[in-house]
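Fold the following and give me the result.
(one chain, ligands or ions: 1)
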Amino acid sequence: MRNSRKTDCGAKQFLARLVVRAAPFALLIDWHLIRLSILFLLAAAAVPAAKAPPDEFRARRTALRKLLDDGVFLLKGEAEGYDPLFRFAQERNFYYLTGWTEPGAALLLTPTDEILFLPRHDQRAERYHGKRVSAEDADAHAVTGFDKVLPIEKLESALDAALAEHSRIYAPWTETYTGQLRGRYPFRDVADATPLIAQLRLKKSPSEIAAIEHATDVSIQAHRAAWKRLSAGRFEYQIAATLLDAFLDGGCEGPAYSPIVGSGPNGPILHYMSNQRRMDRGELVVIDAAAQCDEYASDITRTLPVGGKFTPRQREVYQVVLGAQKAAIAAVQPGAWLGGPGQSLTKIARDYIDAHGKDQHGEPLGKYFIHDIGHQVGLRVHDPAASGPLEAGMVITIEPGVYISEEQIGIRIEDVVLVTANGAKVLSAALPKEPDEIEEAVSK
Ligand SMILES: [Mn+2]
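Below is the predicted model of the structure:
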């Protein structure tokens, strides 16, 4: 066993060297295609992205203002880089509270007031990026959904005025940011605003759930397209290219995270993203990929046999992971815990894995499930974690995995799940995961 793996390794190293040499050319071709489709999409991007109604953003700010007690809340949106080469992405908390997608803005909230600050018009910037909204525009209120819109240079005086009436400052907890505020207001209590916003972001509204469902549906289409292309001799990045193409083709912004396409020895590497390897018949490949649509992420993983047929051992371990996933999904309900001490969904899955199947040394498989069962999903694929148990309206992943490097077995099955009043709704249920269904889909 050991010897045969060594020679195998030698051949793989040789192949890997070939792959490294060939990859830049193949990448050029694929990335050229992707770049073309991105350009095409940008050309069509005059259509505004679907998003929550303005009232919903206002309601979120009202909810946050109620949590401020006698405090003032300050948040800066993402600034624009000097030479931006990628599409501007708004800071997630800022987007959640404002829906604002232009750079250089700031938000000031007090228990009784809310002000959006915008940069002044910059002719040169607007030559590059198109027309932007500024406080002096007649329609600034209507466009932003704020009654008070001021130019950004008024931020400091507005903050001074607000602090004349309220004692505490809530700000995101970054060193430079809180350092600046402490320097400017040495006698004020500067508190972390992040948990306040995280608390609001946990339970998703109907419009947020609709956006996650959209991202999930497009991701399912992408997985199906990738499965059609899966065959021995293909490279991992070709599968990734098909996924990315499908995300854009589905009208989404792009991937919610870099696609993971890990075949053979790469399968057990949890966040393998280089996707450079050539796949062989008889190996497993882990595909963990999802789109971001209308600002919201999805998160889906399937594990497939390259060539269309699981080996008996692969199928055996696959069934263990699938059984664990089903046990955890069956236990999803308000009041259940994702992880932590005591009975949790993570423990339910690990107990199942421990009770089913063994490694080559006769040991239970639970020790090969090395991460928690899942996480919150929303504006980010890893949304802020809850400090308590699950509640209806949360969207989470259920993603047990077993990673046995020694056997080149990496198996993860991940679905995105809405917690409902009395259980769970699997949003990614339309993507097959039974081994027979997978074999049938992949062998075509
Ligand atoms: Mn995940």
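
Residue of the stretch 301-444 of the chain nearest the ion, please.
Minimum separation of the stretch 301-444 of the chain from the ion (CB to the ion) falls at Thr397, amounting to 4.4 Å. In this view, the C-beta of every residue, glycine as well, is placed from N, C-alpha and C.

Please give me every residue in contact with that residue.
Under the criterion of CB atoms under 8 Å, 6 or more residues apart in numbering, the neighbours of Thr397 are 299, 374-375, 377, 414-417.

Next: Thr112.
Each residue near Thr112 by CB under 8 Å, 6+ apart is listed here: Arg65.

tell me the SS of it?
The assignment at Thr112 comes out as coil when based on DSSP: H, G, I helix; E, B strand; the rest coil.

Against Leu68, how distant is it?
10 Å (CB to CB, to the nearest Å).

quick one on the thing from earlier: once you drop chain neighbours, what's closest to the residue of the stretch 301-444 of the chain closest to the ion?
Once flanking residues are discounted, Thr397 sits nearest to Gly374: 3.9 Å by CB to CB, 6 or more residues apart in numbering.

how's the protein carved up into domains?
Following automatic domain parsing, the chain resolves into domains at 27-42+205-443, 54-202.

Ends of the shortest one, what's the gap?
Spelled out, it's domain 54-202. End-to-end span of domain 54-202 (CA to CA, to the nearest Å): 20 Å.

ok so, going back, of the contacts of Thr397, which are in range of the ion?
Residues of the contacts of Thr397 in contact with the ion (CB under 5 Å from the ion): Asp299.

Using a markdown table, lay out the contacts of Thr397 together with neighbour count.
Conversion of these to a markdown table gives the following (neighbours: other CB atoms under 10 Å):
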| residue | neighbour count |
| --- | --- |
| Asp299 | 28 |
| Gly374 | 25 |
| His375 | 19 |
| Val377 | 27 |
| Glu414 | 23 |
| Asp415 | 25 |
| Val416 | 27 |
| Val417 | 25 |
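
which two in the contacts of Thr397 are spaced the farthest apart?
Pairwise distances across the contacts of Thr397 (CB to CB) peak at 12.7 Å, for the pair His375 and Asp415.

Contacts only, for Gln325.
Contact partners of Gln325, counting by CB under 8 Å, 6+ apart, are 349, 398-400, 413, 415, 433.

Okay, and which of those map to strands?
Of the positions in these, 398, 415 sit in strands, assigned by DSSP state E.

just the buried members of the contacts of Gln325?
With neighbours counted using 16 or more other CB atoms under 10 Å, those contain these buried positions: 349, 398-400, 413, 415, 433.

related to what we said a few turns ago, winner for burial among the domains of the chain?
Most buried of these, by mean neighbour count (mean count of other CB atoms under 10 Å): domain 27-42+205-443, with a mean of 19.

Model confidence score at Glu136, please.
Per-residue confidence at Glu136 stands at 95 (pLDDT).

quick thing: my sequence starts at 27, can you match it?
Understood, numbering begins at 27; the last thing we discussed is Glu162.

That one and the ion: what is the separation?
If you measure Glu162 against the ion using CB to the ion, to the nearest Å, the figure is 44 Å.

and that residue, what does it touch?
With the criterion set at CB under 8 Å, 6+ apart, Glu162 makes contact with 146-147, 177.

If we check the ion, which of these are in contact?
Residues shared between the contacts of Glu162 and the neighbourhood of the ion: none [CB under 5 Å from the ion].

Mind checking which of these are in helices?
Counted as lying in helices by DSSP state H, out of the contacts of Glu162, is not a single one.

List just the nearest of these to Leu226.
Using CB to CB, Pro177 comes nearest to Leu226 of those, at 27.9 Å.

on that earlier part again, same list, the contacts of Thr423, but as CSV with pLDDT and distance to Pro80 please.
Putting the contacts of Thr423 into CSV (pLDDT from 0 to 100; distance: CB to CB, whole Å) gives the following:
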residue, pLDDT, distance to Pro80
Asp325, 98, 28
Gly400, 98, 32
His401, 98, 29
Val403, 98, 24
Glu440, 98, 34
Asp441, 98, 32
Val442, 98, 27
Val443, 98, 29
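
closest to Val287 among the contacts of Thr423?
Using CB to CB, Glu440 is the member of those that lies nearest Val287, at 14.2 Å.

Touching, that closest one and Ile326? I think so.
Yes. In this structure, Glu440 is within contact of Ile326 by CB atoms under 8 Å, at 5.9 Å.

list the residues that contact both of those two?
With contacts taken as CB under 8 Å, 6+ apart, Glu440 and Ile326 have Asp314 as neighbours in common.

Which stretches in the stretch 127-276 of the chain count as helices?
If DSSP state H, counting those that start in this stretch is used as the criterion, the helices of the stretch 127-276 of the chain fall at 149-155, 166-170, 181-189, 201-210, 220-228, 232-255, 262-275.

Could you identify which of the ones you listed has the lowest mean pLDDT?
Between these, the lowest average pLDDT goes to helix 201-210, which shows a mean of 85.

Run the angle between that one and helix 181-189 for me.
Calculated by axes from the mean of the first three to the mean of the last three CA atoms, to 10 degrees, helix 201-210 forms an angle of 60 degrees with helix 181-189.

what packs against helix 201-210?
With contacts defined as 3 or more CB pairs under 8 Å, 6 or more residues apart in numbering; DSSP states H and E, helix 201-210 has these neighbours: strand 194-197, strand 216-218.

So for the ion, which of the ones you listed sits nearest?
Of all the helices and strands packed on helix 201-210, strand 216-218 sits nearest to the ion, with 25.7 Å by CB to the ion.

ok, and what's touching the closest one?
Applying CB under 8 Å, 6+ apart, the set of residues contacting strand 216-218 is 97, 194-199, 204, 207-208.

Next, the contact list for Gly277, please.
With contacts defined as CB under 8 Å, 6+ apart, Gly277 is in contact with 244, 319.
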